[in-house]
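Q: only geometry, no sequence info:
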């Protein structure tokens, strides 16, 4: 019995110490943060996070009355009296109770209308002169934490890119600001001495909404005028479109591209505030690392187990304006059933008897990254995977000159385990090993994009394996599902081999021995 009493005493003492420690914690009077457009109504709460015996008190809330109009002010968990007209820019509350407050919560709720003349950006709302007391009228300290209202606008930002003189660049125009426009117009202004506008490619969808777009290039003024509309409001943030420019042969240094004359509207036709957060920069350099590549994407069997679709895609690196190549396959293993050109000027000459497809194409402006040339559909004759080769490939620039040092990557049709090998490269220095890999296996890339799989890098040293998880930001994906992996490991002379694996959600690590392997 004495043992139990001692245990109960210890528990009681610990409980008292815990309550004392909690009671001595500082209370915080926090103003919430919210956001809205000009003309909209927003709610701001002033909340207490710890009671600490507080039974009564008072405080002021100060706001910018030039930008915010007070609609109402209501007492919260403490009750009390609210004076919404304590000053032109101040609301005051006083409350008193015979018992301490029972739980944390909002002491005052304020509703504001954002005035039409409000400045864009953040409007602070602050607490001042706070005083709190317990039931014995003894003071209790509390710290204040400011909040406020963000006056929202549609935000447009242009990306930047680098290239050699005479090449092409792609700038992306992205939407931000957290609002949902449904239509509008804007101009893209550029320097006509250095840049020539080629085309503007609109995102097919943003969220679940299809977008219709038209644009006109005024080459003399250096302006692309864009008008767009959607059936319903588009996504709050994301890429709106891509603008492609050809760069002058004499260009050097940086030149700026700007979004101007912004007019955006909501689903009711009400105009929305807009601003440009970042201009685009085209940086013309003397040396450029990227090289063009021609590759096969896809190849996984469809649900019928007999058909498969692949895309022949091009990473033009701002150089390629056209070219020729031949797709070769074994006609005893598969039959070509459909060809769909994806570029405007593509000529195709298929021969299913000998298993070849001759392809040529030409474009007015250089191709950039990951543009699909054509799509091919095959019907399998059995279960044996079919190899697709890209042969006799010649890529040409806008002068018709053959581009040297290009990468050509074929593929396969079959199950995911038989799809095409990636392109991998190691860059070894004295202290580190840089790993660059391109995975053209669309299904594999799709697995890695899920939350239940990740890429693991294994290093072998003196017969022992060490595992390194490749971080998410080291893997990027394009619209075709191609994965670009860029990672670094510390160099150790004892490392003899590097290998990549996929780790699934169940903890199973599958080696990609035929897909990615590096030898030191």
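A: Cool, got the structure. Just so it is clear, the structure is predicted and the values come from calculations on it, not from any experiment.
Q: count the neighbours of residue 182 for me.
A: 21 (other C-beta atoms under 10 Å). From N, CA and C alone the C-beta is placed, and that goes for glycine too.
Q: quick check, central residue of the chain?
A: residue 238 (7.1 Å; C-alpha atoms, centre = their mean).
Q: could you measure it against residue 159, distance?
A: 13 Å (C-beta to C-beta, to the nearest Å).
Q: and if you look at residue 131?
A: 52 Å.
Q: neighbour-wise, which of those two wins?
A: residue 159 (17 against 13).
Q: on that earlier part again, intersection of neighbour lists for residue 238 and residue 159?
A: Listed as contacting both residue 238 and residue 159 by C-beta atoms under 8 Å, 6 or more residues apart in numbering are residue 174.
Q: what's residue 474 sitting at in phi/psi?
A: With angles defined as degrees, to the nearest 10, residue 474 sits at phi -90, psi -10.
Q: that one: how many residues sit nearby?
A: 15.
Q: I figured it was touching residue 484, is that so?
A: No - applying C-beta atoms under 8 Å, one finds residue 474 not in contact with residue 484, separated by 9.2 Å.
Q: what are the structural domain limits within this structure?
A: Following automatic domain parsing, one gets these domains for the chain: 27-151, 154-284, 293-418, 423-519.
Q: make CSV out of these and add mean pLDDT.
A: CSV is the format used below for the domains of the chain (pLDDT from 0 to 100):
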stretch, mean pLDDT
domain 27-151, 94
domain 154-284, 88
domain 293-418, 85
domain 423-519, 69
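Q: could you pull out the strands in the stretch 201-350 of the chain for me?
A: 205-206, 209-218, 223-230, 238-247, 253-265, 271-272, 274-278, 280-284, 293-301, 307-315, 322-328, 334-341, 346-351 (DSSP state E, counting those that start in this stretch).
Q: residue 45 is nearest to which of those strands?
A: strand 271-272 (26.4 Å; C-beta to C-beta).
Q: hang on, the earlier thing: next, format the strands of the stretch 201-350 of the chain as a markdown table and append distance to residue 165.
A: Formatted as a markdown table, the strands of the stretch 201-350 of the chain follow (distance: least, C-beta to C-beta, whole Å):
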| stretch | distance to residue 165 |
| --- | --- |
| strand 205-206 | 34 |
| strand 209-218 | 22 |
| strand 223-230 | 22 |
| strand 238-247 | 6 |
| strand 253-265 | 11 |
| strand 271-272 | 39 |
| strand 274-278 | 25 |
| strand 280-284 | 6 |
| strand 293-301 | 22 |
| strand 307-315 | 20 |
| strand 322-328 | 20 |
| strand 334-341 | 31 |
| strand 346-351 | 28 |
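Q: now do the contacts for the residue lying closest to residue 353 once chain neighbours are set aside.
A: Counting by C-beta to C-beta, 6 or more residues apart in numbering, residue 353 lies nearest to residue 331, which is 6.7 Å off, once chain neighbours are set aside. Counting by C-beta under 8 Å, 6+ apart, residue 331 touches 352, 353, 354, 355.
Q: ranking by neighbours, what's the top pick from these?
A: Neighbour max across the contacts of residue 331 (other C-beta under 10 Å) = residue 355, 20 neighbours.
Q: was I right to think it contacts residue 330?
A: Yes - the pair residue 355 / residue 330 is scored as a contact, 5.8 Å apart, by C-beta under 8 Å.
Q: what residues do those two have in common as contacts?
A: With C-beta under 8 Å, 6+ apart as the test, residue 355 and residue 330 reach no residue in common.
Q: in the sheet, which residues pair with the residue nearest to the centre of the chain? Tell me.
A: residue 175 (DSSP bridges).
Q: strands along the stretch 1-150 of the chain, start to end?
A: According to DSSP E, counting those that start in this stretch, the strands that the stretch 1-150 of the chain contains are 27-31, 33-36, 41-48, 56-62, 68-75, 81-87, 90-96, 105-114, 121-133, 139-140, 142-145, 147-151.
Q: so how far is the second one off the chain centroid?
A: Taking C-alpha atoms, centre = their mean, to the nearest Å, one finds the center of strand 33-36 at 23 Å from the center of the full chain.
Q: pull out the buried residues from it.
A: 35, 36 (16 or more other C-beta atoms under 10 Å).
Q: which helices and strands does that strand pack with?
A: For strand 33-36, the contact count by 3 or more C-beta pairs under 8 Å, 6 or more residues apart in numbering; DSSP states H and E identifies strand 41-48, strand 147-151 as packing neighbours.
Q: my guess is residue 217 contacts residue 224, does it?
A: Yes - between residue 217 and residue 224 there is a contact at 5.3 Å, judged by C-beta under 8 Å.
Q: between these two, point out the one with more neighbours.
A: Taking other C-beta under 10 Å, residue 217 and residue 224 do not tie; residue 224 has more neighbours (23 against 17).
Q: give the closest residue to that one in space, chain neighbours not counted.
A: residue 188 (4.2 Å).
Q: then residue 76?
A: Per C-beta to C-beta, 6+ apart, closest to residue 76 is residue 106, 4.0 Å.
Q: try residue 108
A: Residue 108 sits nearest to residue 46 (C-beta to C-beta, 6+ apart), 4.6 Å away.
Q: how many other residues sit next to that neighbour?
A: If you count neighbours by other C-beta under 10 Å, residue 46 ends up with 25.
Q: got a list of what it touches?
A: 29-32, 59, 61, 76, 106-110, 127.
Q: same check, this time on residue 197
A: With C-beta under 8 Å, 6+ apart, residue 197 has these contacts: 188, 190, 217, 219, 222, 224, 243, 244, 245.
Q: same deal with residue 429?
A: Residue 429 sits in contact with residue 491, where contact means C-beta under 8 Å, 6+ apart.
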